[in-house]
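Novice: What follows is a predicted protein model with its sequence.
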Amino acid sequence: MSNTLVNTFSLSTLLSYLGSGSNRFGVLTNLFKSNLELLVPCQFTLEKSEVFRIPSACKELHILAGTAWITVAGRDIVLTTGEKVSLETNKDRAILSALGNKSVSVEFLLTAHSSG
């Protein structure tokens, strides 16, 4: 039996938590005070005209539906449904956009710490 917790947010709700250009994820991580790493999955849909800055706390990005264009560390990556990429946390921030004329549904794992 799995005890996986999945939080699903609209993009505007997610941006209100993470902020645009600032790191509000620190507010959430202040709730946890330990060296135990947790991976918190979050899902959202990015419309064809939207661009999203992936937070530095993102460890892995998984494409649930559609095609995504990701730019990280000067490198372009194209991912389609079912593909995923691992990102180094606290490194260069990545930019995500939908490729083509369709939206892209994405799940990413954020790192957090817990007082286990």
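Specialist: Thanks, I have the structure now.
Novice: C-alpha from now on. contacts and neighbour counts both.
Specialist: Fine.
Novice: Which strands and helices lie in contact with the helix or strand encompassing L61?
Specialist: L61 is part of strand 58-65, with elements assigned from DSSP states H and E. Applying 3 or more C-alpha pairs under 8 Å, 6 or more residues apart in numbering; DSSP states H and E, we find strand 58-65 packed against strand 75-80, strand 84-86, strand 104-114.
Novice: a markdown table for the ones you listed, including distance to L46 and mean pLDDT?
Specialist: Output for the helices and strands packed on strand 58-65, formatted as a markdown table (distance: least, C-alpha to C-alpha, whole Å; pLDDT from 0 to 100):
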| stretch | distance to L46 | mean pLDDT |
| --- | --- | --- |
| strand 75-80 | 14 | 93 |
| strand 84-86 | 16 | 89 |
| strand 104-114 | 5 | 80 |
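Novice: Output those strands as CSV; include the columns distance to F44.
Specialist: Converted to CSV, those look like this (distance: least, C-alpha to C-alpha, whole Å):
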stretch, distance to F44
strand 75-80, 15
strand 84-86, 15
strand 104-114, 6
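Novice: Many thanks, we can stop here.
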